[in-house]
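In: Output the structure for:
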Amino acid sequence: MTEVEQTINFEFKLIIIAMYALAISLFVSTTGNSLYHILSIIPFIHLFFKYFKDFPWKKYLSAQALILIVIGFSISIAFNLNIIEHPGRHFSKLKYFIFPILAIPAYFELFQHRISKKTVSKLLYTFMTFTSLATLSGLIGLYTGYNPLRFSAACDPERNCGMYGMLMTYAHGIAWFNLLMLGMLKHSRIVQNVLDKRFLIITTLINLIGMYLTYTRGAFLAFIAALPFFLLWKRFKLFISILTFFTIVLGAISYIELSNIKLAKDETQEIYRLGRGNNESRLALYKTAYRIFLEKPLTGIGFNNFGNLVKDYKIKFNIKEDINFKSHAHNNYFEILADTGLLGFIPFIFFFLFWFIEMLKRRDILGDIVQVFIIGFAGSGLTQSTIVDSENLFFVFIVYVISLTVPHIANSHQEVQA
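Out: Predicted structure coming up:
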């Protein structure tokens, strides 16, 4: 073996170690997530140029859209340096979008030739185990007030936060995780080659409970709305029927939410936290984001800058509802429109559209599972700015890169490939 081959082998081993770090830390520690970047950055850059020609870039329009996202977001920052307090921090946030681009050729080679089914199995067990531990620790924190694995008080006295300090980040992430788990349960005859079905069931139950006890309406509704897409392949009529039913139900729930119905005793109606009084605050954020977009439709005010300037723009546009509330837009689409204008928004929409179509074309269990994951992410984006949460981005983009680079998985459980 030549010195070059030894170096490449070492780099792939380093990437696998980085994958273990991410599997352990994705729902446990932001610091651990950063370790994934630290360990893999040099291998990704080197292997990107070595295996660039091996990956069929023209086949995957989502990868091209992702490159345009980075360009559009960069332009939005560059054209707004005068209103961005620390431009370097905003440019640094682009790494979450650049890393998956760099990772694609390396992961393509890794899954084609350099990883065993045993290693894939270990990575899945590691990811599921530590995610479940994070959820259990959050549940203990919910009922005792102390999160044992964080060695600190629970982040919320009434809702499960897992091991995150931010409730919404955990709630939406665990909803997407549960969609992956349910997808593997659906295809358990094939998945049993790498995962024990009993372990999969236990993991799913723990994290479904953890998700419900976040009492996060947006995450729960996104999860429910994504479920019918498991039927998209073979039972299209049933899929349409269930999707129509869910649309009606979600419409009714939205009406209740926005109407803030009062009971006879003049008490706010509570159904999974419906009627909580933050509707005006969010609507004010949406109005502000939309007005910013109208004022700066091409470049916006700079990626990840909405939360810094929202109060100033509320004053400017005379939006008086909760005028002192400073936050991201609580909606991916308004966030991207305000921050990056059409230069960022258009490739952002096309990225997820192309990714969804690419998963439909796979016609295997990975495509079937990931297409539902994408719908869950899209639904979450209606009520939360998940696009500015690093933990959420780590999760979304590792799923993305894997979904593009894993070979087709045979439908026979006798023939599963890693």
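In: so where is the stretch 151-300 of the chain shaky, pLDDT-wise?
Out: Along the stretch 151-300 of the chain, the parts satisfying pLDDT under 70 run over 233-243, 245-247, 249-278.
In: mind running it again at 80?
Out: Across the stretch 151-300 of the chain, the ranges flagged by pLDDT under 80 are 232-280.
In: And the stretch 301-418 of the chain, by the same measure?
Out: Looking at the stretch 301-418 of the chain by pLDDT under 80, you get 321-326, 410-418.
In: quick one: the helices in the stretch 301-418 of the chain?
Out: Along the stretch 301-418 of the chain, counting by DSSP state H, counting those that start in this stretch, helices occupy 306-316, 332-362, 365-380, 390-405.
In: so how far is the shortest one from its chain's centroid?
Out: From the chain centre to the centre of helix 306-316 is a distance of 26 Å (Cα atoms, centre = their mean, to the nearest Å).
In: relative orientation of it and helix 332-362 in degrees?
Out: Using axes from the mean of the first three to the mean of the last three Cα atoms, to 10 degrees, one finds that helix 306-316 and helix 332-362 are set 140 degrees apart in direction.
In: List the buried residues in stretch 192-200.
Out: Within stretch 192-200, the residues that qualify as buried are 193-195, 200, counting by 16 or more other Cβ atoms under 10 Å. For every residue, glycine as well, the C-beta is placed using N, CA and C.
In: Quick check: the gap between the residue lying closest to residue 381 once chain neighbours are set aside and residue 94.
Out: Nearest non-adjacent residue to residue 381, counting by Cβ to Cβ, 6 or more residues apart in numbering: residue 332, 3.2 Å away. Look at residue 332 and residue 94: by Cβ to Cβ, to the nearest Å, they are 16 Å apart.
In: is it true that residue 340 touches residue 296?
Out: No - here residue 340 does not reach residue 296: they are 9.7 Å apart, not a contact under Cβ atoms under 8 Å.
In: More neighbours: which of those two?
Out: Taking other Cβ atoms under 10 Å, residue 340 and residue 296 do not tie; residue 340 has more neighbours (32 against 20).
In: Check the gap between the more buried one and residue 334 for me.
Out: 11 Å.
In: One more: residue 325?
Out: Distance from residue 325 to residue 334, by Cβ to Cβ: 15 Å.
In: Which residue of the two possesses the greater neighbour count?
Out: residue 334 (25 against 15).
In: can you pull out the helices in the stretch 1-150 of the chain?
Out: Using DSSP H, counting those that start in this stretch, helices in the stretch 1-150 of the chain cover 3-25, 30-51, 61-78, 87-92, 95-109, 117-144.
In: okay if I get those helices as JSON lines plus mean neighbour count, distance to residue 393 and mean pLDDT?
Out: JSON lines is the format used below for the helices of the stretch 1-150 of the chain (neighbours: other Cβ atoms under 10 Å; distance: least, Cβ to Cβ, whole Å; pLDDT from 0 to 100):
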{"stretch": "helix 3-25", "mean neighbour count": "16", "distance to residue 393": "12", "mean pLDDT": "94"}
{"stretch": "helix 30-51", "mean neighbour count": "17", "distance to residue 393": "9", "mean pLDDT": "94"}
{"stretch": "helix 61-78", "mean neighbour count": "20", "distance to residue 393": "12", "mean pLDDT": "97"}
{"stretch": "helix 87-92", "mean neighbour count": "14", "distance to residue 393": "13", "mean pLDDT": "95"}
{"stretch": "helix 95-109", "mean neighbour count": "21", "distance to residue 393": "4", "mean pLDDT": "97"}
{"stretch": "helix 117-144", "mean neighbour count": "19", "distance to residue 393": "17", "mean pLDDT": "96"}
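In: Those helices into TSV, with extra columns for distance to residue 165?
Out: Formatted as TSV, those follow (distance: least, Cβ to Cβ, whole Å):
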stretch	distance to residue 165
helix 3-25	14
helix 30-51	9
helix 61-78	25
helix 87-92	19
helix 95-109	18
helix 117-144	11
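In: Any idea which of these gets closest to residue 354?
Out: Residue 354 lies closest to helix 61-78 among the helices of the stretch 1-150 of the chain, at 3.9 Å (Cβ to Cβ).
In: wait, doesn't the residue nearest to residue 381 sit right on residue 387?
Out: Yes - between residue 332 and residue 387 there is a contact under Cβ under 8 Å: 4.8 Å.
In: list residues touching both of those two?
Out: The contact sets of residue 332 and residue 387 overlap at 348, 381 (Cβ atoms under 8 Å, 6 or more residues apart in numbering).
In: that older thread, who's more crowded, residue 332 and residue 94?
Out: Ranked by neighbour count (other Cβ under 10 Å), residue 332 and residue 94 place residue 332 first, with 24 against 17.
In: Now do the same contact list for the more buried one.
Out: With Cβ under 8 Å, 6+ apart, residue 332 has these contacts: 348, 380-382, 384-387.
In: And residue 95, by the same measure?
Out: residue 37.
In: what separates it from residue 16, distance-wise?
Out: With Cβ to Cβ as the criterion, residue 95 and residue 16 are 21 Å apart.
In: No further questions, thank you.
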